[in-house]
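S.K.: I'll drop the sequence and a predicted model, then ask my questions.
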Amino acid sequence: MCVHNRMNKIGRAMLMVTAGVIAVGLIAARAHGQSFTISQNGKSVGTASLSLKQAAGGFDSTSGTKIDMPGLKYNFSENAALDASYHLSKVQLTGSVNGTAATVNTIPQGQQFLMKINANGQVTNTPLGFHRETVFLADFDPGALQTLLNLGAAHNNRDMWALIPKQTGSITALRIATNADMQGTLNGTPVGVHHLTVTYGSDKTELFSSPNNELLQAEWTDEGFAMVRQGFKLTPSARPNAAPPAAPPPDATPAPTQPKAAQPQQQ
């Protein structure tokens, strides 16, 4: 999917919702104030943040993203209440896309999620099917991705769902594949890195996390976007060596070696 398609998707959605949380077993103080840099084809285009505070019966979470690039000016701030197992209790989001403001409120209600979207002067209330392990998934949002990591670790990456508040809202299944572990550094200290591939609909995200399930990096390779936690650097995997040249047959006489003229160095 090209960057223009993603911009159009964001514009049609007006805004996407997320519930931001930290990894399972981490205390709030450790996760508070995580910051991320968003880039597109290696060029910085925005920032994102995630913080969490302990509250009665669970957590109060805030997350936000700001992107400023040609064709896309996108920002939001979100506040979510989560229970002790990182399930959503309620979420409220405010923001804008290319100058058009929007608000989104979502709560679980009985055997459904009720999503209210106010954008372009229109209010839409949409009931959506309820699934316990559900993530509010927004573009370029570390909170939604961290929630996904937490719930996935607790449920073997199975029976996961994503609430997508595009147009009138929808819910779709998440497919999560586990890849080989990698290596990286966080603030100069070596750290093991888990690698997951998450797909839903036509979207695909590469997720990289610490052994404690802390979000470290996310990539949307089709569009060239990446979101990297400040202080983290992923170690690229070693490239395979070129195959050695084939040996001449035993009865072959090697040709005399001729000196080669010096060639200009290629950049």
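M.R.: Looks like it came in fine.
S.K.: please pull out the lowest mean pLDDT helix or strand from this structure.
M.R.: Least confident helix or strand, the chain: helix 28-31 with a mean of 40, by mean pLDDT, DSSP states H and E.
S.K.: which element is the spatially most central residue of the chain on?
M.R.: Nearest to the mean C-alpha position of the chain, by Cα atoms, centre = their mean, lies residue 218 at 4.3 Å. Assigned by DSSP states H and E, residue 218 falls within strand 215-220.
S.K.: what comes up buried for that strand?
M.R.: Judged by neighbour count using 16 or more other Cβ atoms under 10 Å, the buried positions of strand 215-220 are 215, 216, 217, 218, 219, 220. Bear in mind the C-beta positions are built from the backbone N, C-alpha and C, glycine included.
S.K.: direction included, what does the host helix or strand of residue 234 pair against?
M.R.: Element membership for residue 234 (DSSP H and E) is strand 232-235. Looking at strand 232-235 with DSSP bridges, its partner strands are strand 182-186 (antiparallel).
S.K.: give me the distance between stretch 191-209 and the centre of its chain.
M.R.: 7 Å (Cα atoms, centre = their mean, to the nearest Å).
S.K.: wait, residue 127 sits on residue 108?
M.R.: No - the criterion here is Cβ atoms under 8 Å, and residue 127 misses it with residue 108 at 10.9 Å.
S.K.: who has more neighbours, those two?
M.R.: Using other Cβ atoms under 10 Å as the criterion, residue 127 and residue 108 rank with residue 108 on top: 16 against 13.
S.K.: just to be sure, that one is in a strand?
M.R.: Yes - Residue 108: assigned to a strand according to DSSP: H, G, I helix; E, B strand; the rest coil.
S.K.: returning to that earlier point: just after the strand holding residue 218, pick out the following helix or strand.
M.R.: strand 225-229.
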